[in-house]
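S.K.: With the sequence up front, the predicted model follows.
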Amino acid sequence: MEEFLQQLTNGLAVGGIYALIALGYTMVYGVLKLINFAHGDLFTYGAYLGLTLLTSLALTDRVGFALGLLILVLMVMGLVAVLGAVLERAAYRPLRKSPRLSAVVSALGASIFLQNTLMLIYGARFQVYPDDILPAVTFDLFGLYLPLMRVLIVLASVLMMVALYLFIQKTRIGTAIRAAAIDQDAARLMGIDVDRVILLVFLLGPALGGVAGLMVGLYYGQINFTMGWVYGMKAFTAAILGGIGNIPGAMVGGLLLGVIEALGAAYISIAWKDAIAFCVLISILIVRPTGLLGERVADKI
Amino acid sequence: MNRAGLAVAGLSAALLSVAPLFLDAYQVDVLNSIGLYALLALSLNLILGEAGLFNMGHAAFYAMGAYTAAILNTRYQVPILWTLPLSGAVAGVFALLVARPVIHLRGDYLMIVTIGVGEIIRIALINDVFGITGGANGIFGISRPKLFGLTIRQPQEFFYLIWGCVALTIFLFLRLKRSRFGRALNYLREDEVAAEGNGIDTDYYKLAAFGLGAAWAGMVGTLFATKMTIISPESFSFWESVVLFMIVILGGAGNIAGVLLASFLVVGLPELFREFAGARMLVFGLVMMVMMVFRSQGLLPAQGRS
């Protein structure tokens, strides 16, 4: 039982990370009906930028770890968001009217490009996060061993998801995003600047994905330039699992996938961990392509 | 094909057939890998180019063939070229089983599924599934092919084996393209609803293209296994599938000449610029983005029948 709960909390932390990345996929898909294959690489940029800022500015030494970490998170969010907007301009906007395959190939090209830029800058080897950023505090909850970072990740990801949900549901801009997702032409007729909505989506998604990258760096301690591809596929699985285009779906899907994976690794086999996520993906596409929460049946899936 | 096209094709064939006489072993070996990639890309072209099915897990079928050949050869001493039909059959049947439940999925979803299948196969190979794949180390000691009592060892000898297969493949696939089957594939690629309306059983044709392309890739796997004598899961990574996808798209999906040209460019060019080897994928990524904006139909676009 203790082992089970331990794995469950680990799964929730990883799931929170998946959910944050999945939000980027799902928002872009909602508005553009495009799978942004380069999203996973923006996540990797978050991890690398975080590492560089962390070591070069030494914020946590100067202003304490809590404030330092907060500033770091905001900086990473801002930088990766700008990168996301540039990506949209360079790789997707020129292809807005092109056939689907063109946009998919361009997205893939962008992904390869981004990944290899990182490799040329930082080298192909694993990069290591310093391990003395967080105080080595461990919570002991009824015999459950909870490292501080795990608790922080779960809290921060839930906080960001709730904030995003409220933003989308309660504000005027959020309403515009939802309107553009339902029908772009009708939204345009209602005076919504759809191009700006798309830009906004490409700022928000990558910002969350970038934070997820930073979290992975802090949680696991090492990062690699190709990791965006595996995390991206998993997050995409999470988005499909919850129902792509559906924001609460991405959150539920992410947390669920994290837990499934953690339990699968513990009770089935750790060597097959990555295969479990792909099996979930394929099964859900066969059995229920709309996902758990997807009520709108997307055309011709 | 017009007269100029025919002249270019004849000239390249003539040049290629005498090339090993003037090149050193390393250069011939580069041509051999171009040939293998060309074979794989041609088989993918059947799925992606002719039928318009986004398959980004082609390396999985290639791996199935290579491992079938390697296991039969090293465990049961089956002569390597005799394993060809079985490698093809295993890869083809596997592709049909996998594709059957997902073949109706829309383009990018099908792509995601094939990526997933490719990864599952790779992970299975690394985990030494059924205890026969040799895990991460793979299988070694695969024998050289024997043809008419002659053992093929040198790169020059492999050159003629591989490019002979390329020539045969081109011939067969050109015939296929002009057949009723090929036209049906093109039709459903261009407009699936109209094709179905005209009585084309789209699921059947899609599956047939998928199975045939995968079976072909499986047979190429045999060639690869016997050329390398060692195979390991690393040779069948996601990036292999991406490179093949790229060759077909950049060359011109549905155009055999385009696919051949792109095989030379994508596999051959990096060999000429070895000092920039690290930037190879970076350039490919950039080319893919730029091509999609300015020439999304590929270098040599597929042509309709006149």
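M.R.: Noted; the coordinates are in hand.
S.K.: And the pLDDT at the residue of the stretch 201-301 of chain A at minimum distance from chain B?
M.R.: Scanning the stretch 201-301 of chain A for the residue nearest chain B gives A:Phe278, at 3.9 Å (criterion: C-beta to the nearest C-beta). Quick note: C-beta positions are derived from backbone N, CA and C, even for glycine. For A:Phe278, the model assigns a pLDDT of 88.
S.K.: Also B:Ala194?
M.R.: Note on B:Ala194: pLDDT of 88.
S.K.: Based on its surroundings, how many neighbours for the closest residue to chain B within the stretch 1-150 of chain A?
M.R.: Residue nearest to chain B within the stretch 1-150 of chain A: A:Gly109 (2.8 Å; C-beta to the nearest C-beta). Look at A:Gly109: counted by other C-beta atoms under 10 Å in any protein chain shown, it has 26 neighbours.
S.K.: Can you give the contact residues for stretch B:251-258?
M.R.: Under the criterion C-beta atoms under 8 Å, 6 or more residues apart in numbering or on different chains, residues B:5, B:9, B:41-42, B:45, B:48-50, B:52, B:170, B:173-174, B:177, B:186, B:189, B:259-263, B:265, B:297-303 lie in contact with stretch B:251-258.
S.K.: picking up where we left off before, tell me which element the residue of the stretch 201-301 of chain A closest to chain B is part of?
M.R.: Following DSSP states H and E, one finds A:Phe278 within helix A:273-287.
S.K.: what's the residue closest to the geometric middle of chain A?
M.R.: By C-alpha atoms, centre = their mean, the mean C-alpha position of chain A lies nearest to A:Ile21, the distance being 0.9 Å.
S.K.: Point out the residues in the stretch 151-300 of chain A that sit beside chain B.
M.R.: For the stretch 151-300 of chain A, the residues in contact with chain B under the definition C-beta under 8 Å from any C-beta of the partner chain are A:229, A:233, A:236, A:240, A:269, A:271-272, A:274-275, A:278-279, A:281-282, A:285-286, A:289, A:299-300.
S.K.: 10 Å instead, please
M.R.: Proximity of the stretch 151-300 of chain A to chain B is confined to A:226, A:229-230, A:233, A:236-237, A:240, A:244, A:269, A:271-283, A:285-287, A:289, A:298-300 under the rule C-beta under 10 Å from any C-beta of the partner chain.
S.K.: Let me see the contact set for A:Val259.
M.R.: Taking C-beta atoms under 10 Å, 6 or more residues apart in numbering or on different chains, we find A:Val259 in contact with A:7-12, A:14-15.
S.K.: any idea which of the residues you listed has the most stuff around it?
M.R.: For these, the largest number of neighbours (other C-beta under 10 Å) sits with A:Gly15, at 29 neighbours.
S.K.: can you give me the helices for chain A?
M.R.: Along chain A, the segments classed as helices by DSSP state H run A:2-32, A:39-57, A:59-63, A:65-87, A:100-122, A:148-170, A:172-182, A:184-189, A:194-220, A:227-242, A:247-267, A:273-287.
S.K.: what is the rounded mean pLDDT of the longest one?
M.R.: It stands for helix A:2-32. What helix A:2-32 shows for mean pLDDT is 88.
S.K.: ok, and for that helix, which residues are buried?
M.R.: Burial within helix A:2-32, assessed by neighbour count using 16 or more other C-beta atoms under 10 Å in any protein chain shown, is assigned to A:6-32.
S.K.: ditto for the third one
M.R.: Residues of helix A:59-63 classed as buried: A:59-60 (neighbour count, 16+ other C-beta under 10 Å).
S.K.: Counting by contacts, list what that helix packs against.
M.R.: helix A:65-87 (3 or more C-beta pairs under 10 Å, 6 or more residues apart in numbering or on different chains; DSSP states H and E).
S.K.: List the buried residues in the helix it packs on.
M.R.: Buried residues in helix A:65-87, defined by neighbour count with 16+ other C-beta under 10 Å: A:65, A:68-69, A:71-73, A:75-77, A:79-81, A:83-85, A:87.
S.K.: From the residues you listed, pick the one nearest B:Gln154.
M.R.: Comparing the buried residues of helix A:65-87 against B:Gln154 with C-beta to C-beta picks out A:Leu87 as the nearest, at 47.9 Å.
S.K.: now stretch A:200-213, how far from the chain's geometric center?
M.R.: Going by C-alpha atoms, centre = their mean, to the nearest Å, the spacing between the C-alpha centre of stretch A:200-213 and its chain's C-alpha centre is 7 Å.
S.K.: Please apply the same query to stretch B:217-228.
M.R.: Worked out by C-alpha atoms, centre = their mean, stretch B:217-228 lies 11 Å from the chain centre.
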